[in-house]
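Student: Quick one, fold the following:
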Amino acid sequence: MRTIFTDDQLLHHGRGELNEGRIDPAFEKPERARIILRRIHEVGLGAVIEPDPFQRGPVERVHAPDYVDFLEGAWADWVAEHGDAVDALPLIWPVRTLRQKCPRQIDGRVSWYAMDAGTPITKGTWPAVTASAGTALTGAQLVADGERAVFSLCRPPGHHAAADLLGGYCYLNNAAIAAQSLVDRGARRVVVLDIDYHHGNGTQAIFYERPDVLFLSIHADPADEFPHFLGYADETGAGPGEGANGNWPLPLGTGRDAWMEALDQACGRIEGFGADALVVSLGVDTFHGDPISQFRLDSADFPLIGARIARLRLPTLFVMEGGYAVEEIGVNAVGVLTGFEEV
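Tutor: Presented below is the predicted three-dimensional model:
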C-alpha cells in the first residue's frame with residue numbers, strides 16, 4: 001500500500017488550545033505524523049510518495065470560496081492587527097441571539113469561521129492544510145486509477161471542517177474533498193466511513209442532502225463528547241439525501257466487542273449501498289490510552305478493524321484523522337492498514 005505525505009504538512013504547529021478552561025499545549029502536533037511515518041518504514045508497508053501540487057478547484061467543490069480566501073489570508077491579517085507572538089483564536093461566536101453576518105475585522109472573521117477555540121491559525125497553517133488536502137486528492141487519484149488501497153497521511157486532520165467552518169483541529173475536510181474528487185472522476189456512489197472517536201460533523205454537514213455519498217460514523221455519544229451538537233442516531237439525511245447518513249453514537253467506555261458490532265452494522269449498510277469506492281476517515285483515538293478520548297480499544301484490535309473493512313472488497317482510500325496518544329499512534333494507525341493488506 002502506498003502512502004502519500006509531504007513535510008509541508010508539518011508546518012502547522014499551534015502554540016496552544018482552549019481545553020477545560022485552560023490554554024494547554026496543542027494535542028494535534030507534527031510529532032503525530034512523524035511517528036506514523038516511522039512505523040510505516042518499520043513494517044515495510046510500501047512506498048511513501050509526495051502529493052501532487054495543491055489545486056484550489058477541487059477544494060472549492062467542497063468548501064465555500066470565501067472560506068478558502070479567509071484561510072489563505074488569515075495569518076497575515078492577524079499579524080497586521082496583533083503581531084505574531086500569539087496564534088489566531090476566536091473571541092466570540094455568532095450564537096443564537098446574534099446576527100449571522102461576517103465582520104470586517106480579523107477577530108470577528110476568525111470567530112465567524114471557527115466553531116471552537118482549539119483550532120489555532122498559525123504562520124504555517126495555510127501551507128500545511130493545503131498540502132494535507134493535496135495528499136487526500138492524490139490518494140483519490142490513485143484509487144480512481146485502479147489501486148486497491150492507498151493511505152493519505154493527512155495532517156492536520158479534516159473531518160470536523162464543514163463547508164465554511166473550521167474546528168476540532170480541522171481546517172479543510174480532506175475526506176470530503178477526496179470523496180467529491182472520486183465522484184468527479186466517475187464514481188456513481190461513494191461511502192465515507194468515519195471511525196474516529198469523535199463524530200465527523202463537517203463531513204456529515206457537507207453531504208447531508210446528497211444521495212450519492214453515504215456517510216457513516218461510529219463515535220462517542222455527542223451528548224457526552226465533542227462535538228456535542230451533531231452526531232445523534234436520528235440524523236439520517238435530508239431531502240435527496242434522506243437515508244444516506246448513519247450514526248452510531250456509543251457510550252463512554254465502549255470496548256472492542258460493542259465497537260466491532262457497530263462496525264459490522266455499518267459494513268452491512270455499505271454492502272447494500274452499491275458503492276464504487278470507499279473513503280475511510282481513519283481516527284485511532286478510540287485507543288484506551290488516548291489522552292482526550294474515552295473508548296477502550298487495544299492496539300491488537302486495530303488490525304481486526306482493517307481486516308473487516310477489507311472484506312468489503314471496495315477500492316479504499318484511508319485518510320488520517322485523529323489519534324493523540326503519540327507513542328502508540330504509529331502502531332495503531334498502521335495496524336489498521338496492515339490488517340487490511342492481509343485479507
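
Student: State the pLDDT value of residue 334.
Tutor: Per-residue confidence (pLDDT) for residue 334: 98.

Student: So, low pLDDT: which residues of the stretch 101-250 of the chain?
Tutor: For the stretch 101-250 of the chain, no stretch is flagged by pLDDT under 70.

Student: now the helices for it?
Tutor: With helices called from DSSP state H, counting those that start in this stretch, the stretch 101-250 of the chain shows them at 106-113, 125-144, 174-184, 201-207.

Student: right, so of those helices, which gets closest to residue 315?
Tutor: helix 125-144 (4.9 Å; Cβ to Cβ). C-beta coordinates here come from the backbone N, C-alpha and C atoms, glycine included.

Student: and the closest one, C-alpha only, in CSV?
Tutor: Extracted as CSV, the C-alpha positions of helix 125-144 are listed here (Å, rounded to 0.1, in the frame of the first residue of the first chain):
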residue,chain,number,x,y,z
THR,A,125,-1.4,26.7,8.8
TRP,A,126,-2.2,27.6,5.2
PRO,A,127,0.7,25.7,3.6
ALA,A,128,0.1,22.7,5.9
VAL,A,129,-3.6,22.4,5.3
THR,A,130,-3.3,22.8,1.5
ALA,A,131,-0.6,20.1,1.5
SER,A,132,-2.9,17.9,3.5
ALA,A,133,-5.8,18.5,1.0
GLY,A,134,-3.4,17.7,-1.8
THR,A,135,-2.4,14.5,0.0
ALA,A,136,-6.0,13.4,0.0
LEU,A,137,-6.6,14.4,-3.6
THR,A,138,-3.5,12.4,-4.8
GLY,A,139,-4.7,9.4,-2.9
ALA,A,140,-8.2,9.7,-4.6
GLN,A,141,-6.5,10.0,-8.0
LEU,A,142,-4.5,6.7,-7.4
VAL,A,143,-7.7,4.9,-6.2
ALA,A,144,-9.6,6.2,-9.2
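
Student: and it, what does it pack onto?
Tutor: strand 2-4, helix 56-59, helix 65-82, strand 149-152, helix 174-184, strand 277-282, strand 316-320 (3 or more Cβ pairs under 8 Å, 6 or more residues apart in numbering; DSSP states H and E).

Student: list the helices and strands the longest one packs on?
Tutor: Looking back up the chat, that one is helix 65-82. By 3+ Cβ pairs under 8 Å, 6+ apart, helix 65-82 packs against helix 106-113, helix 125-144.
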